[in-house]
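> Need coordinates for the below:
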Amino acid sequence: MPTLHRLPTMTIRVNVPDHRPPHVHVVLADRRDAMVFLDSLEVVSRTVRSSEIREALAWIATHRDAARSCFEECNP
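As a prediction, the model looks like this:
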């Protein structure tokens, strides 16, 4: 699974293989996981609040095109 970026308490990655629509996973140090859709930056998780991954959301918003390219390359 390609890691796009590491932050002190979380990792942003693309799972392979994975389903559409294009998204990334934010995995916290305690292994909780949130899915973030690249089109809308919507956070989908039963255990992670958007406020917990604010720093990751800012990174994803800034690097959305690169994240989408990685998703498309890994999940044709």
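> Go ahead and confirm Thr11 touches Thr3.
Yes - judged on C-beta atoms under 8 Å, Thr11 makes contact with Thr3 at a distance of 5.8 Å. Where C-beta positions appear, they are placed from N, C-alpha and C, glycine not excepted.
> Pick out whichever of these two has more residues nearby.
Taking other C-beta atoms under 10 Å, Thr11 and Thr3 do not tie; Thr11 has more neighbours (17 against 11).
> quick one: pLDDT of the more buried one?
Thr11 is assigned 99 on the pLDDT scale.
> if I pick it, what's in contact with it?
For Thr11, the contact set (C-beta atoms under 8 Å, 6 or more residues apart in numbering) comprises 3, 5, 26-27.
> ranges for the helices of this structure?
Here the chain has its helices, by DSSP state H, at 54-62, 64-74.
> now Cys70: how far from Arg49?
Per C-beta to C-beta, to the nearest Å, Cys70 is found 25 Å from Arg49.
> ok, the two, which is more surrounded?
Cys70 (19 against 10).
> ok, Arg68 - how many residues close by?
When neighbours are counted by other C-beta under 10 Å, Arg68 registers 16.
> Surely it and Val24 touch.
No - using C-beta under 8 Å, Arg68 is not in contact with Val24, being 9.2 Å away.
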